[in-house]
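[1] Here is a sequence with its predicted model. Questions after.
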Amino acid sequence: MMFTAILFVCCTHVAQEPIQLKAAIDLYTRVLGGNITTNLFELSLQPPKFTGEQAYIITGESDGCSHGKICISGTSGVALASGLNYYLHNMANSQLDVWFTKNSPTKFPLPSAKVNKTSPYIINHYMNICAFGYTTPWWNWTRWEREIDMMALNGVTAPLAMVGQDALWLETFQELGVSAADLLQNFFAAPPYQPWHWMGNLNGYRGSPCAGTTESFLQRQLQLQQRIYNRMVELGMSPILPAFAGHVPAELLNVFPNANIVHLPAWHGHMVNGTYMLDPNDELFKRIGNMFIEKMHVALNISDDGLSPVHYYLADPYNEMRPPEYDPAYLRNVSLAIYNSMASQDPHAVWVAQAWFLSSAPSAHPSHENPWGWSQLEAFLKAPPQGRLIMLDLDAVNNPVWKKTNSFLGVEFVWCAIQNFGQRSGMFGMMPTIATAPVVAMDINNNASNMNMIGVGMTPEGLETNPAVFNLLAEMFWHSENVTLSSWMTNYTMRRYNLKIPNDCTAAITSSQLLLQTVYSANSSNWKGQGTVGSAIASFPSFSPKIPDTSVTPSYYNNSVLVEAWRMLLECNNSLGDNIEGYRYDLVAIGTQVLSFLFLEKLEELQTLTNAYNISGVKLLTAQMLGIIMDVDKLLYTSPSHLFGRYLQTAESWATTPFEYTLFTNSARRIITLWGYPLHIPPVHNSGLSEYSYRLWGGLVQSYYYSRWSQFFTIVEESVSAHTHINYTHINTVILQWEEQWISNSSINSTSMGTTSVGSTTSLSLELYHKYYSKLV
């Protein structure tokens, strides 16, 4: 079996063997402890049968392993970690760290039969570039190390590695004559907004009226990237690194007045002055691309001796942006120029591109509005040599671009699933599709002589949500056949809660099956929203609550069934309880979802009472609704995974000056609330992305969402009392002014919000269930 895209990826296996074996042993030690690793496990590397093969074998004494030992061999450090994960899931009934929930093994049974697993793919991809803004901008090395361990345990071979690149762009453009002051003030974005700057959507974007970033922060991020990259490579991963897609600072024209720099229009109403792209035919294009990759190779100590596995480069010229021309010849030149700017510096370069810009392709009648017709597609996709361009079909689970583009006209691609947009809080998953669609796509696209679909990817815009969906997607890295969801969910629940059936509470199994029937049952036919059902609590106060790109009404499932799932899970409170991290997490997640829907139902009742000018009924109901919001906040506070204060603490930890503190904390608060800046066009109160990245976190719900709804209810009550129409323009103005004040309020910090959980999740969940249950069924 041979696949053109990865002929250059793997290096000499023998040269990498000691490094990857040591990295795997170190990982085992971190997640299990040194004594367990030394006393129980024997690890070894085996040569891959073909370039890029990921495989592991687990054996016990009956198959030649030493007495009392568990033998795991693998083709890489990632394969060795994946073998451990399989053993823990299927033999030790345990679940290692998946975003704050962990069920460590208490016993280590010896294998009774040999296990031999091989991934059917070359690329097991992880991360979405947006996650570097919504989730990871404030992560330190400790947090990144945990995430990389989780990647390896689940078989990830090609993760995005985008951190720290702006320090290299700063150096590159400074050498070309642009001042550091101009770049820091006008070009680079504040940390949470970096991904959209990298993709050419934004320049100089920030969370407060000050510079976009600081040189100190960029240098510290580069130092962090060096550790991230080294660890990934040590484990045998092939990180996908950034490259030049043509986006440049406007000030470059001052240095090169004859350069062909195109002024791009504003993105989503942001950056009114637009951004700038260097024409690919300009000789400066290749020069900049070469300079950046050379600097990155030096900074990350990437060798050209063929031993480094790093050859993937991400570049996206048109993410949610239209090309200035749609002539096929022009688009071919763009594609070829981007590839050549990588390959002329690194002869083993493979360009990786997100297919998001082709979501509406192909167009029957190409135009400036929708330029991607068949001729344009062929010109762009076929320009690089075969095997040197890989397309990430980011949302193939919901909108498979490969189906619409004749499998990208034969260009290799990775089937991916987003599943979360903006890291919005809420339970959601297209599990039935996830369990089958990758296998169907592989069967259609691959045969003995050709492999067009070379991998599966997890591409959520935000991490740390819906761990069940993450686990299922990771499972698909190793499956060439469909997964039977009901039995998979049972096994997942048992290891998550450390259940021993029939001795332990079987209601938890029933609850998980109800989740499959409700929140995890979405598909492209029954749900048109992006990701989770939106929470009305988090929406801007109105009788018509909205969350961008989704709906607040769960049209694809019956909320009463979700209530029953909550009740069934609560039946296990005595046998499970707060000591089981996964149990606590799931009680909070389900309870929050149920109470959000209850709030929506009450809002509909409130509108009826308001229209009838029933002031006593309005006052009674608004008090009840504010009580629901406060109860949600209390529930969230019981979970360490749902604390606003912890998020703020990570942003604060990067600040080394008062200036950085203001910049970082303001931008941290802005992106999860207003996202951008107000348009100042009544009655539109926000940038169009407000609440796109909302979070239901303890402290945030009370300080932000409760306060907004309280102001709204006060104005509603005043209008009802006076028998006057509600002045929505006035509401927008008042609340928008308050929102801006909240974002810049330095007293909204980790100290005031708190960084430790409060109270018992189990006890409060039982209390809230009994308080509201009669109102829910």
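    Looks like it arrived, so ask away. Owing to the predicted nature of the structure, the values given are computational and were not obtained by experimental measurement.
[2] Ends of stretch 405-416, what's the gap?
    Separation of the first and last residues of stretch 405-416 by CA to CA, to the nearest Å is 16 Å.
[3] Quick check: buried residues in that stretch?
    By neighbour count on 16 or more other CB atoms under 10 Å, the buried set for stretch 405-416 is T405, S407, F408, V411, E412, F413, V414, W415, C416. Just so you know, the C-beta spots here come from the backbone N, C-alpha and C atoms, and that holds for glycine as well.
[4] okay, the residues you listed in a markdown table with pLDDT, secondary structure and distance to K107 next?
    What follows is the buried residues of stretch 405-416, written out as a markdown table (pLDDT from 0 to 100; DSSP: H, G, I helix; E, B strand; the rest coil; distance: CB to CB, whole Å):
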| residue | pLDDT | secondary structure | distance to K107 |
| --- | --- | --- | --- |
| T405 | 96 | coil | 50 |
| S407 | 96 | helix | 47 |
| F408 | 96 | helix | 47 |
| V411 | 97 | coil | 48 |
| E412 | 97 | coil | 43 |
| F413 | 98 | strand | 43 |
| V414 | 98 | strand | 38 |
| W415 | 98 | strand | 37 |
| C416 | 98 | strand | 37 |
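[5] what's the closest of those to F285?
    V411 (22.0 Å; CB to CB).
[6] Which residue is the nearest non-sequential neighbour of the closest one?
    Leaving aside its chain neighbours, V411 sits nearest to L381 (4.8 Å; criterion: CB to CB, 6 or more residues apart in numbering).
[7] tell me the contacts of that neighbour?
    Taking CB atoms under 8 Å, 6 or more residues apart in numbering, we find L381 in contact with S335, L389, M391, T405, F408, L409, V411.
[8] longest helix in this structure, by residue count?
    Determined from DSSP state H, the single longest helix within the chain is helix 581-611.
[9] Just name whatever secondary elements it is in contact with.
    strand 101-103, helix 485-497, helix 559-570, helix 615-637, helix 707-722, helix 761-776 (3 or more CB pairs under 8 Å, 6 or more residues apart in numbering; DSSP states H and E).
[10] Quick one: distance of stretch 275-290 to the chain centre.
    Between the centre of stretch 275-290 and the centre of its chain there are 30 Å (CA atoms, centre = their mean, to the nearest Å).
[11] so how far does it reach from one end to the other?
    First-to-last residue span, stretch 275-290, CA to CA: 22 Å.
[12] mind listing what's buried in it?
    Of all the residues in stretch 275-290, those buried under the rule 16+ other CB under 10 Å are 275-280, 282, 284-290.
[13] could you redo the residues you listed as a markdown table and give each row pLDDT?
    Output for the buried residues of stretch 275-290, formatted as a markdown table (pLDDT from 0 to 100):
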| residue | pLDDT |
| --- | --- |
| T275 | 90 |
| Y276 | 94 |
| M277 | 94 |
| L278 | 96 |
| D279 | 93 |
| P280 | 88 |
| D282 | 94 |
| L284 | 97 |
| F285 | 96 |
| K286 | 96 |
| R287 | 97 |
| I288 | 97 |
| G289 | 97 |
| N290 | 96 |
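[14] Format the residues you listed as JSON lines; extra columns: distance to V533 and secondary structure.
    Putting the buried residues of stretch 275-290 into JSON lines (distance: CB to CB, whole Å; DSSP: H, G, I helix; E, B strand; the rest coil) gives the following:
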{"residue": "T275", "distance to V533": "33", "secondary structure": "strand"}
{"residue": "Y276", "distance to V533": "39", "secondary structure": "strand"}
{"residue": "M277", "distance to V533": "37", "secondary structure": "strand"}
{"residue": "L278", "distance to V533": "42", "secondary structure": "strand"}
{"residue": "D279", "distance to V533": "44", "secondary structure": "coil"}
{"residue": "P280", "distance to V533": "42", "secondary structure": "coil"}
{"residue": "D282", "distance to V533": "47", "secondary structure": "coil"}
{"residue": "L284", "distance to V533": "48", "secondary structure": "helix"}
{"residue": "F285", "distance to V533": "44", "secondary structure": "helix"}
{"residue": "K286", "distance to V533": "47", "secondary structure": "helix"}
{"residue": "R287", "distance to V533": "49", "secondary structure": "helix"}
{"residue": "I288", "distance to V533": "44", "secondary structure": "helix"}
{"residue": "G289", "distance to V533": "43", "secondary structure": "helix"}
{"residue": "N290", "distance to V533": "47", "secondary structure": "helix"}
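[15] any idea which of these is the one closest to I19?
    Using CB to CB, the buried residues of stretch 275-290 come closest to I19 at N290, 28.8 Å.
[16] where's the closest one relative to Y313, distance?
    Note on N290: its distance to Y313, by CB to CB, to the nearest Å, is 12 Å.
[17] ok, now S238?
    Using CB to CB, S238 is found at 11 Å from Y313.
[18] go on, P109?
    44 Å.
[19] Between those two, tell me which one has more neighbours.
    Neighbours were counted for P109 and for Y313 using other CB atoms under 10 Å; Y313 has more, 27 against 12.
[20] that's a strand at that one, yeah?
    Yes. Assignment of Y313 by DSSP: H, G, I helix; E, B strand; the rest coil places it within a strand.
[21] OK, contacts around M630?
    Q702, Y706.
[22] Could you check how far it is from S721?
    Distance, M630 to S721, using CB to CB: 24 Å.
[23] so where is the stretch 551-700 of the chain shaky, pLDDT-wise?
    678-687 (pLDDT under 70).
[24] One more pass at 50, please.
    680-685 (pLDDT under 50).
[25] again, but for the chain
    1-14, 207-210, 680-685, 776-777.
[26] next one: phi and psi at L499?
    phi -80, psi 140 (degrees, to the nearest 10).
[27] burial count for it?
    Residues near L499, counting by other CB under 10 Å: 24.
[28] can you check D63 too?
    Quick note: D63 (other CB under 10 Å) scores 13 neighbours.
[29] ok, the closest residue to it other than its chain neighbours to Q54 distance?
    Distances taken as CB to CB, 6+ apart put K114 closest to D63, at 4.7 Å, once the chain neighbours are dropped. In this view, K114 and Q54 are 18 Å apart by CB to CB.
[30] what about these two, which has more around it?
    Q54 (25 against 14).
[31] Could you find the closest non-adjacent residue to that one?
    Q54 sits nearest to S119 (CB to CB, 6+ apart), 4.2 Å away.
[32] next one: phi and psi at that neighbour?
    phi -70, psi 140.
[33] That one contacts W478, correct?
    Yes. With contacts counted by CB atoms under 8 Å, S119 reaches W478, the gap being 5.3 Å.
[34] Now the common contact residues for those two.
    Shared contacts of S119 and W478, defined by CB under 8 Å, 6+ apart, are found at G155.
[35] Show me which of these two is the more surrounded one.
    Taking other CB under 10 Å, S119 and W478 do not tie; S119 has more neighbours (25 against 21).
[36] wait, isn't V561 in contact with T518?
    Yes. Using CB under 8 Å, V561 makes contact with T518 at a distance of 5.1 Å.
[37] Looking at these two, which has the bigger crowd around it?
    Neighbour count, other CB under 10 Å: between V561 and T518, T518 has more, with 22 against 14.
[38] Now do the same contact list for the more buried one.
    T518 makes contacts with P554, Y557, N558, N559, V561, L562, A565, as judged by CB under 8 Å, 6+ apart.
[39] Now distance to A623 too, for these, in a markdown table please.
    Below are the contacts of T518 laid out as a markdown table (distance: CB to CB, whole Å):
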| residue | distance to A623 |
| --- | --- |
| P554 | 25 |
| Y557 | 29 |
| N558 | 28 |
| N559 | 23 |
| V561 | 29 |
| L562 | 25 |
| A565 | 29 |
